[in-house]
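Student: Return atomic coordinates for the entry below.
(chains A and B, ligands or ions: 2)
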Amino acid sequence: MAGLASTFGSGAMTNSINEITTDAELMFLIGTNTTEAHPVIGYKMRQAARNGCKLIVCDPRHIDLVDEADYWLRQKPGTDIPLLNGLMHIIIKEGLEDKKFIEERTENYEELKTIVETYTPEHVSELTGLSVEDLYAVARLYATTDKAMLFYTLGITEHICGTRNVMSCANLAMLTGHMGRPGTGVNPIRGQNNVQGACDMGALPNVYPAYQNVTVPANKEKFEKAWGVSLPDKMGLKIPEMFEKANEGEIKAMYILGENPVLTDPNSNHIRSGLENLEFLVVHELFLTETAEYADVILPAASFAETDGTFTSTERRVQRVRKAIEPLPGQANWQTICAMSNAMGYPMNYKSPEEIWDEMASLSPSMAGITYPRLEAKGMQWPCPTADHPGTGFMHKGKFTRGLGLFQPSDHIPPGEMPDEEYPFLLSTGRILYHYNVTTPYSMGIQSVWDREWAEVNPEDAAKMRLETGSQVKVTSRRGEVVTSVKVTDRVMPGIVWMSFHYKETPTNALTSHHLDPITGTGEYKVCAVKLEKV
Amino acid sequence: MEMVKLIIDGREVEVPVGTTIMEAADQAGINIPRLCYDPDLSALGACRLCVVEVEGNRLLPASCVTPVYQGMVVKTESDDVVEARRTILELLVANHPLDCMTCDKMGDCKLAEYCYRYGVKGSSFTGEKHNYPVDNSNPFIIRDLNKCILCGACVRACNEMTGQDNLSFLYRGFNRKATTAADVPYIESDCVFCGQCVAVCPTGALTEKSMAGAARRWEVERVRTTCPFCGTGCNFDLAVKNGKVLGVLSNPDSPVNQRSLCVKGRFGWDFIYNEKRLKTPLIKKDGEFVSATWDEALDLIAARFKEVKDKYGVDAFASLSSARCTNEENYLVQKFTRAVMGTNSTDHCART
Ligand code: SF4
Ligand code: SF4
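Tutor: Ligands and ions are numbered 1, 2, ... in the order given. Modelled structure (predicted):
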């Protein structure tokens, strides 16, 4: 979420989920298949659309919400920046920008103007495959609607230009003043239940909890004092760098809690070789995952039903997780981590998760006012700096966290790998409704109904290759191959194959690109080149 | 806001214009029985159990759809009203299996509750009964339409909460049925198994399969928690009996989702009892994982982590924390990495 952080000063969803049905007059969705990835938010979008809220869907794939949409912009994969620049071009040309907002609340507008100048509707139409009329209609509608909420997810971030995509979304919202009020904003819907929380807690190589930079001496001193140790000066490694260094033999030991990078990270063969190369690996997991296979020691984890604690949802809402049953392995994960630390000679003797929360909150200004008792009824949304602060439903009211909103325009950056003669199909990946990454396949009920990968292939391509729904194909990229069942559907355009990544029998990420967003290190899951062979 | 005053059961009540009689009564703490009414769904006025007597009105209007007016005088339990309710309940019961002793909804069934309240034991109406096969086609929901009272809550929930439009009323008269588009079992329909229909069904017609025969509603302890799957942050209650989770029940106080959930949140929880769950620490010896005690595992970890740190320095260690785990666990992982191992190399797969 680096793109939003540098634009606004905070990387989180700016507004709240319930504003979809209570405030928004228009929803602009780009790269989010909400009804499948975040179903309950999807329901709300559908309700809003049926109650007259305008809906614009930008997606190469025919997702369910297309059926509720006023406009469907079916851009070619990897052309989000030209699409957004094209809309901004029209808005500026027609004088529909919010001049007051730009003047008072933003900086670097001139650069934006210069860059989008060249993105004429005709040029954009060529790059994206969209009609000039649709571009005009959508640009006018978005700009002239008072309250418009923009949403995106991994369809925007999982590109080589992911950060630039995010900045372009933010540019569009700022250009039209759709910020800092209910029913507006730039809203990244975070994937996994506690991605927001993991970031907030400082499970990142560059920041302590609450995004306090590790390279700022005052921050370091504060945490050194609180924790009674001296702390490292330099930034740590991001995941791709960790595995790079593991492959090079510089990282020797790792502790992995509740993650299965072999299945979920791009270019999984590289992850495997990195894990193999370690001298010592500890995996703390519910199941013997593909990643855990490489461990020297596996610690059994407790599930969400077996622990007290909190999760922070995509709308920055901290909510209680409550222990319903005793931990199956005998102890909760927080107890295990404490025991590990104690065995290393650094005492961690918390009596409860609440005590851990309180320590964290005392060091984190944006969460300092949140306590377990205050979470009882409805949870609380940060920023919440003091004990009497009510929490924050929408951010950036009157002023951005960083002061002025920074326009960071970008030119088109084509995907790192495009189809060619040898690998003629473009593979895009995403989530399906019935699974969530890697835990749901362990649900007996869910797995019994949705038990395997279905790669989506357009009828035109299927006819050429004599494929029908149920056919088996081998999908091969420059990095690996997998076998999968095929579903013939015009949800995907000709030339495109779409797959999820939930099944270990079809580890899709053996195929995905090694290209990364240079700023966040996020893999380009959304675009890579593959070939199909009937088996 | 313009207010009106009315009298309900002899008590003066003041409510905003446009309020229904039922809402006004609710505010005054007077409970009018209701079967098809649901606060989260559009009002239908179909079951007619909520009828009341309004002075000057010869008919008994359904209170869920009748707005109040200034000076209205309402009686919610007059003889006529009670008589009408008895008749409605008797008609429903005439066509109901009455196998309450083995019904999973017993204790949380509106039909049983109101029959008790109005002393309806059986029915003087006799006639044909339905004999629908029970829809057991899927792993999540049992659908026994013999127990359906045609309140239409499931139809409205499918349409208004989820927007899936998979359920509607089919056929007429005695054969009227709240069912899927082509009257096929759920698994063959467009059902996405959000389970909203189960959450709103007032009877035992739609129930959670995982709880079948496992517990009566009054036996389960409800532990409110937050969904472990996606970032929406839905809340729900885990239904627990004898230290075991039996299912998920909607909690209307949930700030984001109210009673709505998706298939993962409502039915995906059983991964916690997957037989493949790891229960003890494992140490790899000669390429094989062998069970170990916590102490053995932790001692080994401490020894090897120390060794790596001493031999190669702090930059030789890295940790991955988890976007699936709690804030508190994440806080501890980064603290462990920074304070104990001496490096900032901690990250998590933001995608997952
Ligand atoms: S199945 Fe339940 S909710 Fe649906 S109409 Fe019948 S009684 Fe009402
Ligand atoms: S119930 Fe579904 S939409 Fe709600 S948090 Fe869980 S996975 Fe997300």
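
Student: Which helix or strand contains A:Leu263?
Tutor: Following DSSP states H and E, one finds A:Leu263 within helix A:261-264.

Student: That helix close to chain B?
Tutor: Yes. Judged by C-beta under 8 Å from any C-beta of the partner chain, helix A:261-264 comes into contact with chain B through A:Pro261, A:Thr264. Glycine gets a C-beta too; all of them are placed from N, C-alpha and C.

Student: Tell me which residues of that helix come out buried.
Tutor: In terms of neighbour count (16 or more other C-beta atoms under 10 Å in any protein chain shown), helix A:261-264 has its buried residues at A:Pro261, A:Val262, A:Leu263, A:Thr264.

Student: send the alpha carbons of the next helix or strand along the chain from it over as PDB?
Tutor: Counting by DSSP H and E, the element after helix A:261-264 in chain order, helix or strand, is helix A:268-277. The C-alpha coordinates for helix A:268-277 follow below in PDB (Å, rounded to 0.1, in the frame of the first residue of the first chain):
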ATOM      1  CA  SER A 268       7.300 -20.800  -6.100                       C
ATOM      2  CA  ASN A 269      10.300 -22.900  -7.300                       C
ATOM      3  CA  HIS A 270      12.500 -20.000  -6.200                       C
ATOM      4  CA  ILE A 271      10.900 -20.100  -2.800                       C
ATOM      5  CA  ARG A 272      11.400 -23.800  -2.500                       C
ATOM      6  CA  SER A 273      15.100 -23.600  -3.300                       C
ATOM      7  CA  GLY A 274      15.500 -20.800  -0.800                       C
ATOM      8  CA  LEU A 275      13.900 -22.800   2.000                       C
ATOM      9  CA  GLU A 276      15.900 -25.800   1.100                       C
ATOM     10  CA  ASN A 277      19.100 -23.800   1.400                       C
END
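
Student: OK, contacts around A:Asp358?
Tutor: Contacts for A:Asp358 (C-beta atoms under 8 Å, 6 or more residues apart in numbering or on different chains) come out as A:Thr371.

Student: Surely it is within a strand?
Tutor: No. Counting by DSSP: H, G, I helix; E, B strand; the rest coil, one finds A:Asp358 to be helix, located in no strand.

Student: returning to that earlier point: may I see the buried residues of helix A:261-264 arranged in CSV, with distance to B:Thr280 and pLDDT as well?
Tutor: CSV is the format used below for these (distance: C-beta to C-beta, whole Å; pLDDT from 0 to 100):
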residue, distance to B:Thr280, pLDDT
A:Pro261, 24, 86
A:Val262, 23, 85
A:Leu263, 24, 78
A:Thr264, 26, 74
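
Student: from the stretch 301-450 of chain A, which residue is nearest to ligand 1?
Tutor: Residue nearest to ligand 1 within the stretch 301-450 of chain A: A:Gly445 (20.6 Å; C-beta to the nearest ligand atom).

Student: and what of the stretch 151-300 of chain A?
Tutor: The minimum distance from the stretch 151-300 of chain A to ligand 1, using C-beta to the nearest ligand atom, falls at A:Asn193 (29.6 Å).

Student: same thing with the stretch 1-150 of chain B?
Tutor: Counting by C-beta to the nearest ligand atom, the stretch 1-150 of chain B gets nearest ligand 1 through B:Cys148, at 3.2 Å.

Student: now swap in the stretch 1-150 of chain A and tell me
Tutor: Counting by C-beta to the nearest ligand atom, the stretch 1-150 of chain A gets nearest ligand 1 through A:Tyr43, at 18.0 Å.

Student: Which helix or strand contains that residue?
Tutor: With DSSP H and E as the test, A:Tyr43 turns up in helix A:39-50.

Student: what are the C-alpha coordinates of that helix, in CSV please?
Tutor: These are the backbone C-alpha positions of helix A:39-50, laid out as CSV (Å, rounded to 0.1, in the frame of the first residue of the first chain):
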residue,chain,number,x,y,z
PRO,A,39,-18.5,-11.2,-0.5
VAL,A,40,-20.3,-9.2,2.2
ILE,A,41,-18.9,-5.9,0.7
GLY,A,42,-20.0,-7.2,-2.6
TYR,A,43,-23.6,-7.7,-1.3
LYS,A,44,-23.6,-4.1,-0.1
MET,A,45,-22.4,-2.9,-3.5
ARG,A,46,-25.1,-4.8,-5.2
GLN,A,47,-27.8,-3.4,-2.8
ALA,A,48,-26.5,0.1,-3.4
ALA,A,49,-26.5,-0.3,-7.2
ARG,A,50,-30.1,-1.6,-7.1
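
Student: Flag every buried residue along that helix.
Tutor: A:Pro39, A:Val40, A:Ile41, A:Gly42, A:Tyr43, A:Lys44, A:Met45, A:Arg46, A:Gln47, A:Ala48, A:Ala49.

Student: And these, which is closest to B:Ala292?
Tutor: B:Ala292 lies nearest to A:Pro39 out of the buried residues of helix A:39-50, by C-beta to C-beta, at 40.4 Å.

Student: Contacts only, for the closest one.
Tutor: By C-beta under 8 Å, 6+ apart, the residues touching A:Pro39 are A:Leu433, B:Val192, B:Cys194, B:Cys230, B:Thr232, B:Cys262, B:Val263, B:Lys264.

Student: what residues are up against the fourth one?
Tutor: So that's B:Cys230. A:Ala37, A:His38, A:Pro39, A:Gly191, A:Gln192, A:Asn193, A:Tyr436, B:Cys262, B:Lys264.

Student: Those also near ligand 2: which ones?
Tutor: When the contacts of B:Cys230 are checked against ligand 2 using C-beta under 6 Å from any ligand atom, the ones in range are A:His38, A:Pro39, B:Cys262, B:Lys264.
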